[in-house]
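J.: from the sequence below, what's the structure:
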Amino acid sequence: MTDARLGFDPLVPWPALWALVAIAVVLWGVYVGLRGKAWLFRALAMTVLALALSNPLWIQEQREPLKDIVAVVMDRSESMNFRGRTETAQAAFEAIRRDIEAQDKTLELRIAETDPGADGTDMYIALQSALSDAPRDRIAGAIMITDGQIHDIPENTKDAEQLGPIHALIIGGDDEIDRSIEIQSAPSFSIIDQRVEMRVKVNDPTAESVRVGVTINGDAQPDQTVKVGKAEMIPLTLRQRGQNLVVVSVDGIPNELTLANNLASARISGVQDRLRVLLITGEPHAGARVWRDLLKSDPAVDLVHFTILRPPEKNYDAVPQEEIALIQFPKAQLFREKLDEFDLVIFDHELRSAVLEEAYLDRVARYVEKGGALLIAAGPPYPGAYILYNTPLGGVLPGRATGETVDGKFTPRLTDLGKRHSVTATLPTEGWGPWMRYMKMDRGNSEALMQTPDGHPLLLLNRVGQGRVASVMSDHLWLWARGYEGGGPYAELIRRTAHWLMKEPELEEELLKIEAGASPEIKAQLQTMSDAPPKLELTGPDGATVESDWSLISPGHYQASLPANALGLYRAKSGKLSAVTLRGPTHPREYLDLRATADKVQPLVTATLGGVFKLGASGTPNNMPALKRVGDRGNASEPGWYGLRERHAYAVRATESTTLLPGVVGMLLACAFMMLAWRREGR
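T.: Residues are numbered from 1 along each chain as shown. Sure, this is the predicted structure:
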């Protein structure tokens, strides 16, 4: 195709040329104001001169017409998988492609799809990607085939105008209903036994208020009534430390799209407000500061520490009591009034009978049996001191002390049990430094996690009633803290032992965990001291139970997986251990509202002068609009048809230009007109 047009190739820059024209016009105006006689000839001279400097050209171009570009964006999100939406969308796409390819050869079709694995429907991003390299003067428009549940429509639609007109073909029925529940906000942690709230919202077109069921770790809580369409707070109280699975649910309604969004879950970590620890040091010694410093470095620990510096029987120095800068050990207040307020009691070294009578030690034993935690850091006996194992406290202590102290250099090591136990299994074992002393004892029925090279226990654990007890049978743990000959993991050892005593769920020897992944299966992990754990039993939302054997992955650690196609709450059991998890939608954002709607895309369509057309979800599009080509301006849709703009874009393949007023000719003409002007003025 050949086309011709007028062009200019100025001999001087355009700004300079316009400046000269402006000066000439001003001077000509002054000349006219002075009643000059040759105003016409002077005007003609300046006009010819300006035209000559602008160098007008007659340009002939060989143009190749370019196709206009139209993008079709397909919604492939999970919300399109309900009630014939996928089939209807595919049929609509095929109809559009036939119209474009068979009826109009001036259109280039570009196809884009949303990511089916994304948590949300990003139609606008897909559209931008499809047209990212398209010249804006070639874009004829865009067509979105979707259910209308789009999550990336921009608030400012001005930039979208150059991509329009954008038309939306809405897939879905007008009579669709669906009830859903959404957790809008939930705390990441909560203090045990204190009330906490989470914000939920229920969507339901058929009711004004609904009852919401609540479970915590599978245990039902009182139902709550909330108003539909309004975010409301639901109170909760956690009783268990560690991760807690909170599930909220609403009953289904007749003919709703799916029950998958009738449940929602959140994991909230239950934490202790402040861990109160009582540390009693029987006498000053080199390792006392290690216990104190380590416990005080933990911001979650509220430490009460007493060191017995002057036993009651030490009166040989004849110093009056009122002159001693010490306080009296408040044993009655601590062990009679306040004992139950402590989460952990630590006895560091042996205690003299005059410091703590057997009646108080008996109260400590009862404290342990009722659920308390006790840690004994043994030291060598000295005159007048108890061997705690020979007091009422001995009934709850692990093993049995012999009273014999062994001095000599040795390197602690883990027992076979210690290599599997949750307290010590993860400790690094390379390069441990030596200790210099330990107290002999018989292990009895307790669990020995660490020992000397000749097999004498160093760290023992035991459960007594509802409580727990641990004993460290050496007072040279401080050598590790000082880094003696490489030191050792003293801080981690003490921390993990203390948290096991206080029943930290992650440190339980017997622990069952299950989780639902992206694939339709439930994965389970078992931590146990048994070499032959019971089979995994998994009960699904429908009440059906399936079993699976465990696979050993490391000493004391097993795993298993079972198929889980249904969405809902799953309960797992292995022996006495149990756990729960919720298998919800892979992409929860897609399930917040599954009803077809044009409300979200309407601002984008309106801004680009496009149209919205509802095609139903019967498998065949209802009232499929026709394709028309429209001009560059005005509305691009009416009921029954949608328009794509004709851009008339082209590419120039060859050009030929002819100078209309050569510079020399222009100068001669300008001189001729000036001479005529002088002649006129001379008369």
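J.: quick one: the helices in the stretch 351-500 of the chain?
T.: In the stretch 351-500 of the chain, the helices defined using DSSP state H, counting those that start in this stretch lie at 358-369, 478-481, 490-501.
J.: revised request: answer the last question for the stretch 501-650 of the chain.
T.: So, for the stretch 501-650 of the chain - with DSSP H, counting those that start in this stretch - the helices run 602-607.
J.: can you give me the strands in it?
T.: Secondary structure of the stretch 501-650 of the chain (DSSP state E, counting those that start in this stretch): strands at 511-516, 521-527, 536-539, 545-548, 551-554, 557-563, 568-574, 577-583, 612-616, 626-630, 637-638, 641-645, 650-659.
J.: how close does G270 get to T215?
T.: Going from G270 to T215 by CB to CB, to the nearest Å gives 15 Å. Every C-beta, even on glycine, is put in place using the N, C-alpha and C of the backbone.
J.: compare the two (neighbour count), which wins?
T.: G270 (22 against 18; other CB atoms under 10 Å).
J.: and the strands of the stretch 501-650 of the chain as CSV, adding mean neighbour count, mean pLDDT and distance to A498?
T.: Formatted as CSV, these follow (neighbours: other CB atoms under 10 Å; pLDDT from 0 to 100; distance: least, CB to CB, whole Å):
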stretch, mean neighbour count, mean pLDDT, distance to A498
strand 511-516, 19, 89, 18
strand 521-527, 20, 90, 19
strand 536-539, 20, 92, 31
strand 545-548, 14, 91, 35
strand 551-554, 11, 88, 25
strand 557-563, 17, 90, 23
strand 568-574, 21, 88, 28
strand 577-583, 20, 88, 24
strand 612-616, 20, 90, 64
strand 626-630, 16, 88, 74
strand 637-638, 16, 88, 71
strand 641-645, 21, 90, 70
strand 650-659, 11, 76, 77
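J.: can you redo those strands as TSV with distance to E283?
T.: Shown next, in TSV, are the strands of the stretch 501-650 of the chain (distance: least, CB to CB, whole Å):
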stretch	distance to E283
strand 511-516	39
strand 521-527	39
strand 536-539	52
strand 545-548	56
strand 551-554	43
strand 557-563	42
strand 568-574	47
strand 577-583	43
strand 612-616	85
strand 626-630	95
strand 637-638	91
strand 641-645	91
strand 650-659	96
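J.: those: which one's closest to P489?
T.: Nearest to P489 among the strands of the stretch 501-650 of the chain is strand 551-554; the distance by CB to CB comes to 19.1 Å.
J.: contact partners of the closest one?
T.: Under the contact criterion CB atoms under 8 Å, 6 or more residues apart in numbering, strand 551-554 has outside partners Y558, Q559, A560.
J.: one step back: the strands of the stretch 501-650 of the chain: which one's closest to L501?
T.: Among those, strand 511-516 comes nearest to L501, with 16.1 Å by CB to CB.
J.: ok, now which ones touch F347?
T.: I280, G282, L374, L375, I376, A377, L388.
J.: returning to what we had before: save the helices of the stretch 351-500 of the chain as TSV, and put in mean pLDDT, mean neighbour count and distance to G120 too.
T.: Compiled in TSV, the helices of the stretch 351-500 of the chain are given as follows (pLDDT from 0 to 100; neighbours: other CB atoms under 10 Å; distance: least, CB to CB, whole Å):
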stretch	mean pLDDT	mean neighbour count	distance to G120
helix 358-369	90	18	53
helix 478-481	90	21	51
helix 490-501	90	20	39
